[in-house]
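*Asks:* give me a 3D structure for the following:
(chains A, B, C, D and E)
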Amino acid sequence: MDLATLIGIVGSFLIIMGAILLGPNAVIFFNIPGLLIVIGGTFTATLIKFSLSHTLGAFKVALKAFFHKPESPSALIDEGIELASIARKGGLLALEDKEVKNEFLQQGIQLCVDGHDPQLVRRMLSKDINQAIDRHDEGQAIFKAIGDVAPAMGMIGTLVGLVQMLSNMDDPKKIGPAMAVALLTTLYGAVIANAVALPIADKLAHRSREERNNKSLILEAISAIQEGLNPRVMEDLLKTYLPGSKRKAVKKAA
Amino acid sequence: MDLATLIGIVGSFLIIMGAILLGPNAVIFFNIPGLLIVIGGTFTATLIKFSLSHTLGAFKVALKAFFHKPESPSALIDEGIELASIARKGGLLALEDKEVKNEFLQQGIQLCVDGHDPQLVRRMLSKDINQAIDRHDEGQAIFKAIGDVAPAMGMIGTLVGLVQMLSNMDDPKKIGPAMAVALLTTLYGAVIANAVALPIADKLAHRSREERNNKSLILEAISAIQEGLNPRVMEDLLKTYLPGSKRKAVKKAA
Amino acid sequence: MDLATLIGIVGSFLIIMGAILLGPNAVIFFNIPGLLIVIGGTFTATLIKFSLSHTLGAFKVALKAFFHKPESPSALIDEGIELASIARKGGLLALEDKEVKNEFLQQGIQLCVDGHDPQLVRRMLSKDINQAIDRHDEGQAIFKAIGDVAPAMGMIGTLVGLVQMLSNMDDPKKIGPAMAVALLTTLYGAVIANAVALPIADKLAHRSREERNNKSLILEAISAIQEGLNPRVMEDLLKTYLPGSKRKAVKKAA
Amino acid sequence: MDLATLIGIVGSFLIIMGAILLGPNAVIFFNIPGLLIVIGGTFTATLIKFSLSHTLGAFKVALKAFFHKPESPSALIDEGIELASIARKGGLLALEDKEVKNEFLQQGIQLCVDGHDPQLVRRMLSKDINQAIDRHDEGQAIFKAIGDVAPAMGMIGTLVGLVQMLSNMDDPKKIGPAMAVALLTTLYGAVIANAVALPIADKLAHRSREERNNKSLILEAISAIQEGLNPRVMEDLLKTYLPGSKRKAVKKAA
Amino acid sequence: MDLATLIGIVGSFLIIMGAILLGPNAVIFFNIPGLLIVIGGTFTATLIKFSLSHTLGAFKVALKAFFHKPESPSALIDEGIELASIARKGGLLALEDKEVKNEFLQQGIQLCVDGHDPQLVRRMLSKDINQAIDRHDEGQAIFKAIGDVAPAMGMIGTLVGLVQMLSNMDDPKKIGPAMAVALLTTLYGAVIANAVALPIADKLAHRSREERNNKSLILEAISAIQEGLNPRVMEDLLKTYLPGSKRKAVKKAA
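*Replies:* Below is the predicted model of the structure:
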């Protein structure tokens, strides 16, 4: 798990729990029916929006995004240039024996080795990238949906509580606590949306951008290898995928 | 009906009804005039936005989306490869006798058998996909409109109730219940929007994406058959429509 | 006027008036200064946003959208095929005598008869479609602007009322009615936006989509006529503009 | 200044001032500290968002949009056709002596006279159009930013006022007036955004669309002149830039 | 640091501090637990959304945007034309000795000197521009995320405070101050979002537009140099990157 996510999740939890526990009446914040309304309602509305397999799949995608760190673009560039050198010396077939860790790069190399037309290889790899983006977008969409629905369910719970309280105001002393309980579902909805679901949706989008960047770098490298581009030109071309600061670092090292 | 939708709809209903029935004064929540304002106003505003036939058509589309499960992409890939093998052996005309369940695939095969130009076939099928998307977008648009209008009508109902209550505050005891009733239309609007209309709109969008994915897979397969692409290359090309995990499963089975 | 719009407008009016008239203090809801603030302020802000001629033009466009029903795509397809048959028999010039009701189709036929280059015809008709879309978008934009401004003006009116009430709370009995009056402008703004302006904007968008669909069908038909496409192929091509259900109906009839 | 904007600005001012002056306690509405918070805070936040020169430039752009009326497309079409006739008779060089008022048309004619390649002329004029759009978008962006920030600053002012009031509620009689003052910044923010900044942003967008339409009409005319297109065909082509109603008027006049 | 940002940041601070310090009970506004909830919660949620290195990197990008002023387009045009004249006289290799301050221009010149194919140069520089935009978008995204999360965290803090206050209303005198404290987190969230994070996000977008404009001007210049375009034509082409007013100024100076 990358450090930022760990710090983020634990930190958010500690901050909100701290605000509750350090204040008076901490026990009132843990309201089982309210939690059931918000979490249950959010889950059922999400089930209507997507299918069961997609909803459960989204949690798998999220876990993968937290634990799986994408390869660094500079490592991929180095690997691509190495492969290009091999191909220039021994032909595309020489790439067959080379072990490649990155799955997408492996797949592209295999297509080269199989002797497919450069245009077809490009088309297949591009389609693959687009399909992967679509699947990631679905994962984000589910967490975004949770982030939209949870506050709405919180508001519904609060409205139900307010109507119950207002229709029965005989004892003024009970008004305060009843309203406090009514507000709890709004609080739950806000916490679920803003401290959990929406940050995860954004993390998935972030990971998706990184992966797409890596994959289009690989696509570029495979194309260059098939075209037999000069490795130095290829390096210049691939380095456009790095931020300026990292490019220089490579230069100095060279 | 897919299981997720069934669980989702029944579950949402049970959760909200539970919150109401387990609380005090359950009977106050069923307010016929309030329901008429929100449901009626939402329906009439939706009628202005669209036409009668489109509004009613949207419900048909929604029902179809709930009960009709799209074919799995892997089954379509298998069928496409089988058709490609037949066409390679016996020519495009040999496809005529093959029974094909998927309507869009059938339509594409028919165009091949009729001997149309590959480019024309592509143009007709692409247009078909775009038109289908437009029709699905209309269905979503109607449920999204309902999800936008219902809370607004709820707020209008609440404002009317508040003005009536505020202009007539002689008996302080009546203020609570009157305000409770005024809030009900906001509650109705929120429930209609967030537990019914918007989830259905999102489900339609989800189904639309699945169908578009299937249809563009079929378009790709038909193009490959007409081009006489090698079935193994075609398989590689079509498998880009599957998520990585399913692709491997097919490999192992092979 | 299409039935849906009539039902929608009359229905919305009856529902909101019913809620007001069946409650107590119906007379308080008709507040001339409040109406002047919301309607006047909305009108003046819309005038700043657009020009006088565009604002008035938008109402003309809206009326036209309500009373003018677009031709059915299937009638246009039949007419297009008939024209194609005439052109195949007697050449493009034979189309000159054919009476055509649809203005855009007439214009396209005229361009064919005049012997313009197919590419130029396509370019002129495409430009025409895009310009029509731009003009429709302007109409929608004006009603959407009204729908955005009216609630804002309602809120401004309510804020003015609240400040007046709060700064002068000597007689507690007057607080209720004063607040009721203050809330009225918010109610007016919500009704104007959600029951009038936004539905009309959506109806214009809906009509615009229908018209664009018809026009691009006609453009396709004109192109096919100029290319001398086989009428049966042309029919298949144009039928992609119909939903699946209607396509079959035509097939059965054939 | 076009009439609509004048009526709109004066009218909005009169309506809001009327609501204030005709009510009680008009003097409370003019609160210097509140105005300073909202106007000052909006100005400083806008300065962070853009640069000083852009912020001041936006006001110049706005003034120009109010006072500068774009030429009518039909006048431009007439001028374009006249130029085309001259060019057909005397060659492109004959255009040199023709006086042309519209700057963009003048610039295009100059490029023709200079004997540049049609493709280069198209590229330069297209780039010019896109750059002009970008500059207009910046102007709109600044007024939209003001329209976003002003209500936020109004809310900040109100929150500050509420906290001050709530923390010091010894004298219940002061609560009302204190809350009235606190609400004033929200009112100022809403007025600045909805009656001033957002309408101006929309007017700039409207002017920008008109100018882009005119410029692309001119680009089309210049291209047609360079291609030596038949003036009658050119007229048909350019008339697609007019709404249907105006096109007919020209026909009748012809 | 550009003047506008300095004035903006100091001014916003002074305005809000002024409103607080000139009012009563200034000390209540500085609430450490409230600040911790809003700032801490915003930071942890942002960490989940992005990675630690990106979050910290965003602050570096922001500082750079404040202190680094982009070159003026007219200076770049002059430099480009000078380079074009050198290349016309001495060939592309003559550019090697010319010192160029702008990094991107330097990089483009180097590619020309290296004798790369014009199309490859265009492809590499375009990719570079797109990658730079993606990186800038990431910086904006982080500040936009802060601007979205801070008000949500403020609301969560206020809800926690309200629930604590409502569940414990024994002493009516404490209600006011308790509610004041509860409102503080909403105030903090609004200030962080509207006076800090969102303005910085917009400034980054503004800088990004300027840089992209400069870079595409340079790309155009490099292309023109490689094509050996006439310097006068090149000047006309590049001047489309200047607003009309500045173009004239150059003309007069010429």
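
*Asks:* setting aside sequence neighbours, what's the nearest residue to the most centrally placed residue in chain A?
*Replies:* By CA atoms, centre = their mean, chain A has its centre lying nearest to residue A:204, at 1.1 Å. Among residues not flanking residue A:204 along the chain, residue A:140 sits closest, at 4.6 Å (CB to CB, 6 or more residues apart in numbering or on different chains). In short, each C-beta sits where N, CA and C put it, glycine included.

*Asks:* show me what the helix or strand encompassing residue A:220 is packed against.
*Replies:* Element membership of residue A:220, judged by DSSP states H and E, is helix A:198-227. When contacts are defined as 3 or more CB pairs under 8 Å, 6 or more residues apart in numbering or on different chains; DSSP states H and E, helix A:198-227 sits against helix A:52-67, helix A:73-90, helix A:103-113, helix A:118-166, helix A:231-239, helix E:41-49, helix E:118-166.

*Asks:* up against chain B, what does the stretch 151-254 of chain A have?
*Replies:* A:152-153, A:155-157, A:159-164, A:166-169 (CB under 8 Å from any CB of the partner chain).

*Asks:* now do 6 Å
*Replies:* When proximity is defined as CB under 6 Å from any CB of the partner chain, the stretch 151-254 of chain A approaches chain B at A:152, A:155, A:156, A:159, A:160, A:162, A:163, A:164, A:166, A:167, A:168, A:169.

*Asks:* can you give me the neighbour number for the second one?
*Replies:* Okay, so that is residue A:155. Residue A:155 sits with 20 neighbouring residues when counted by other CB atoms under 10 Å in any protein chain shown.

*Asks:* give me the pLDDT for it.
*Replies:* With respect to pLDDT, residue A:155 scores 97.

*Asks:* what sits against it?
*Replies:* residue B:190 (CB atoms under 6 Å, 6 or more residues apart in numbering or on different chains).

*Asks:* what residues does the stretch 1-150 of chain A have near chain B?
*Replies:* Near chain B, when you scan the stretch 1-150 of chain A using CB under 6 Å from any CB, you find A:37, A:40-41, A:44-45, A:47-52, A:124, A:127-128, A:131, A:135.

*Asks:* how many neighbours does residue A:213 have?
*Replies:* Neighbours of residue A:213 (other CB under 10 Å): 16.

*Asks:* related to what we said a few turns ago, among the residues of the stretch 1-150 of chain A next to chain B, which one lies nearest to residue B:194?
*Replies:* The closest of the residues of the stretch 1-150 of chain A next to chain B to residue B:194 turns out to be residue A:45 (CB to CB; 6.5 Å).

*Asks:* for the closest one, what are its contacts?
*Replies:* Here residue A:45 is in contact with A:149, B:195, B:199 (CB under 6 Å, 6+ apart).

*Asks:* repeat for residue A:4
*Replies:* Residue A:4 neighbours (CB under 6 Å, 6+ apart): E:47, E:51, E:52.

*Asks:* recalculate using a threshold of 10 Å.
*Replies:* A:66, A:203, E:44, E:46-56 (CB atoms under 10 Å, 6 or more residues apart in numbering or on different chains).

*Asks:* check residue A:44 too.
*Replies:* A:149, A:153, B:4-5, B:7-16, B:195, B:199.

*Asks:* cutoff 7 Å now
*Replies:* For residue A:44, the contacting residues are B:7, B:8, B:11, B:12, B:15, by CB atoms under 7 Å, 6 or more residues apart in numbering or on different chains.

*Asks:* again, but for residue A:19
*Replies:* So residue A:19 contacts E:33, E:37, E:157, E:160 (CB under 7 Å, 6+ apart).

*Asks:* most surrounded residue in these?
*Replies:* Result: residue E:157 is most packed of the contacts of residue A:19 (other CB under 10 Å), 30 neighbours.

*Asks:* wait, it touches residue E:37, no?
*Replies:* Yes: using CB atoms under 7 Å, residue E:157 is in contact with residue E:37, at 4.4 Å.

*Asks:* what's the overlap in contacts for those two?
*Replies:* Shared contacts of residue E:157 and residue E:37, counting by CB under 7 Å, 6+ apart, come down to A:19, E:185.

*Asks:* before we move on, back to that, for chain D, see how far away the residue nearest to residue A:204 is.
*Replies:* 25 Å (CB to the nearest CB, to the nearest Å).
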